[in-house]
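> based on what follows, work out the 3D shape:
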Amino acid sequence: MQAAPDPEVLALAASEDRVLISADTDFGTLLSLWQETKPSVILLRRPSQRRPEQQVALLLTNIPAAIVTPLEQGAIVVIDAKRIRVRSLPIGGTDNER
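Take a look at the predicted model:
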């Protein structure tokens, strides 16, 4: 699905109850416009500044403790080097910083 249009990727992820992991902010924009509650998205900020191994370590460090429940409920989670932001779906809900 790497070359598929974003709406198609979102639709498949939602139908299979998956979480998207991406650096593409378009997914958040589409979810906001559509007022959808699924799929959840993990947005990695500045991924080009991290090696793949570092990105995986960042995810593994933060997923168990901080973001499992919001992802199960429907959220956009933004992870950067210094913080994690959780925004509940649909956009317009609560916004938490961890």
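
> my guess is Val78 contacts Pro70. True?
No - between Val78 and Pro70 there is no contact under C-beta atoms under 8 Å: 11.5 Å. (C-beta placed from N, C-alpha, C; glycine too.)

> show me where the chain has strands.
Listed in chain order, the strands of the chain (DSSP state E) span 19-22, 40-44, 75-79, 84-88, 95-97.

> for the first one, enumerate the helices and strands it packs against.
Contacts defined by 3 or more C-beta pairs under 8 Å, 6 or more residues apart in numbering; DSSP states H and E place strand 19-22 against helix 6-15, strand 40-44.

> please apply the same query to the second one.
Using 3+ C-beta pairs under 8 Å, 6+ apart as the contact criterion, the neighbours of strand 40-44 among helices and strands are strand 19-22, helix 26-34, helix 52-62, helix 68-73, strand 75-79.

> what about this protein, any weak spots by pLDDT?
The chain contains residues with pLDDT under 70 at 47-49, 64, 92-98.

> 90 instead, please
1-2, 23-25, 28, 32, 36, 44-68, 78-84, 91-98 (pLDDT under 90).

> deepest-packed of the helices and strands packed on strand 40-44, please.
Highest mean neighbour count of the helices and strands packed on strand 40-44: strand 75-79, a mean of 23 (counted as mean count of other C-beta atoms under 10 Å).

> re the thing from before, how about the helices and strands packed on strand 40-44 in a markdown table, adding distance to Pro90?
Formatted as a markdown table, the helices and strands packed on strand 40-44 follow (distance: least, C-beta to C-beta, whole Å):
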| stretch | distance to Pro90 |
| --- | --- |
| strand 19-22 | 16 |
| helix 26-34 | 7 |
| helix 52-62 | 23 |
| helix 68-73 | 11 |
| strand 75-79 | 10 |
